[in-house]
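Student: Build me a model from this:
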Amino acid sequence: MRSGRSSALTDGPPPATREKGIVGTAKVFLELVKFEHSIFALPYAYIGALYGAAWVAGANDWVTAGGWPTLASMFWITVVMVGARAFAFVVNRAVDKEIDARNPRTAGRAVPAGLVKAWELWVFAAIVFAVFIFAVWQLQPITRWLWPIVIVAFLVYPYTKRFTWLCHYWLGLCLGLAPVGAWVAVTGEVLVWPPWVLGLAVALWTAGFDIIYATQDVECDQRDGVHSVPADLGVSAGLVQTRVLHALTVALLVAFGYGVEAGWPWYAGVAIAAALLAYENAIVRVDDLSRVNAAFFTTNGVIAMVVFAGALVDRVLA
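Tutor: Just a heads-up that it's a prediction; the model follows:
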């Protein structure tokens, strides 16, 4: 979601011209919001739902008698996640249009390249926001009061990079709300600690890999006054900060497992994720940033799926 950085991932320039018709429009908007990058937060939302359902004593409309989230609740959690994320991307792209246009790596994106008209952008934003709100209303009633927190966090994010290098942590907050929100969506409970520990783990993991990705744009960020840890504090300091954040991530994932009384599959998944995080941090060095994409997108996508797989197997065997 970080303009010019984590929202780009493996960004390549979109087609120079937009194809006519519905197909052309669909291609442009799919490139714009990159639905495939839901792999970062969605698995953790599912983890929150899986363990939240097990936490509940007794069945309800969102949890089965066997302690599993219903298929309906998982479907609507997915819709909420995709809708909120798409809305956030549209806002981020619109707010950062000028910044993206000045960065050679992101100038070819749909918005700065002029492939999307302003009215189309905001109509799309209204549609995905409406989908998000409708899905929220299918979950626990408490979510109908809490949803503005998510939207406000997303709306604020594009502006944080204009003022502080702590923008990475704000992005982490945005993704860290995923498991907490999914837990609340099936349990209706907010004041229990395990989902918040999981949310903090996701937040620190996200902040760490966003710092790695920001190393690509140091020169442009410094020129344009865009704040990031690498641009403000240096690439070396940024990579050290990432290592600390990822070590804390592993510790928090272990703590979450303890809190929900997880079995060995959960800890096995966390152990593999820890090894992958070590690999991610090893292949990105101050003197060699050539593997940032591999560290950022590929490795972190695998990490999210591995941790989810550990959670799913743990719940099946419980």
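
Student: Might you report the residue contacts of residue 207?
Tutor: Under the criterion of CB atoms under 8 Å, 6 or more residues apart in numbering, the contact list for residue 207 reads 168-169, 171-172, 245. No exception for glycine: its C-beta is placed from N, CA and C like everyone else's.

Student: farthest-separated two in these?
Tutor: Distances among the contacts of residue 207 were taken as CB to CB; the most separated pair is 171 and 245, at 12.3 Å.

Student: Can you pick out the residue with more neighbours from the two?
Tutor: Each of residue 171 and residue 245 had its neighbours counted (other CB atoms under 10 Å), and the higher figure belongs to residue 171 (28 against 23).

Student: In space, what's closest to that one - neighbours in sequence excluded?
Tutor: residue 210 (5.4 Å; CB to CB, 6 or more residues apart in numbering).

Student: so the one you found makes contact with residue 170?
Tutor: No - counting by CB atoms under 8 Å, residue 210 sits too far from residue 170 to count as a contact (9.7 Å).

Student: Same drill for the two, tell me which one is more crowded.
Tutor: Regarding residue 210 and residue 170, a neighbour count based on other CB under 10 Å identifies residue 210 as having more, with 27 against 22.

Student: So the more buried one versus residue 299, what's the distance?
Tutor: Computed as CB to CB, to the nearest Å, the residue 210 to residue 299 distance reads 14 Å.

Student: other SSEs contacting the helix or strand hosting residue 280?
Tutor: Under the assignment given by DSSP states H and E, the secondary-structure element containing residue 280 is helix 264-282. Packing contacts for helix 264-282, counted by 3 or more CB pairs under 8 Å, 6 or more residues apart in numbering; DSSP states H and E, involve helix 194-214, helix 235-259, helix 300-317.

Student: Outside of the second one itself, list whatever touches it.
Tutor: Applying CB under 8 Å, 6+ apart, the set of residues contacting helix 235-259 from outside is 193-194, 197-198, 200-201, 204-205, 207-209, 211-212, 214-215, 218, 228-230, 233, 262, 266-267, 270, 273-274, 277, 280-281, 284-286, 289, 307.

Student: Retrieve the pLDDT associated with residue 247.
Tutor: Model confidence at residue 247, expressed as pLDDT, equals 98.

Student: and what of residue 183?
Tutor: What the model reports as pLDDT for residue 183 is 97.

Student: before we move on, which element is it in?
Tutor: Using DSSP H and E, the element containing residue 183 is helix 167-187.

Student: angle of that helix against helix 194-214?
Tutor: Relative orientation of helix 167-187 with respect to helix 194-214: 150 degrees, computed using axes from the mean of the first three to the mean of the last three CA atoms, to 10 degrees.

Student: Residue 183 against residue 49, yeah?
Tutor: Yes - assessed by CB under 8 Å, residue 183 is found in contact with residue 49 at 6.9 Å.

Student: quick one: least confident helix or strand in the chain?
Tutor: helix 21-33 (a mean of 65; mean pLDDT, DSSP states H and E).

Student: After that one, which helix or strand is next? Please name it.
Tutor: Stepping forward along the backbone from helix 21-33, the first helix or strand reached (DSSP H and E) is helix 42-55.

Student: in the helix holding residue 280, what counts as buried?
Tutor: Buried residues in helix 264-282, counting neighbours by 16 or more other CB atoms under 10 Å, are found at 265-267, 269-274, 276-277, 280-281.

Student: Measure how far it is from the centre of its chain, please.
Tutor: Averaging C-alpha coordinates over helix 264-282 and over its chain gives two centres that are 19 Å apart (CA atoms, centre = their mean, to the nearest Å).

Student: next SSE after it?
Tutor: Past helix 264-282, further along toward the C-terminus, the next helix or strand under DSSP H and E is helix 292-293.

Student: ok, the nearest residue to residue 137 once chain neighbours are set aside to residue 42 distance?
Tutor: Residue nearest to residue 137 in three dimensions, not counting chain neighbours: residue 144, with 6.1 Å by CB to CB, 6+ apart. Computed as CB to CB, the residue 144 to residue 42 distance reads 22 Å.
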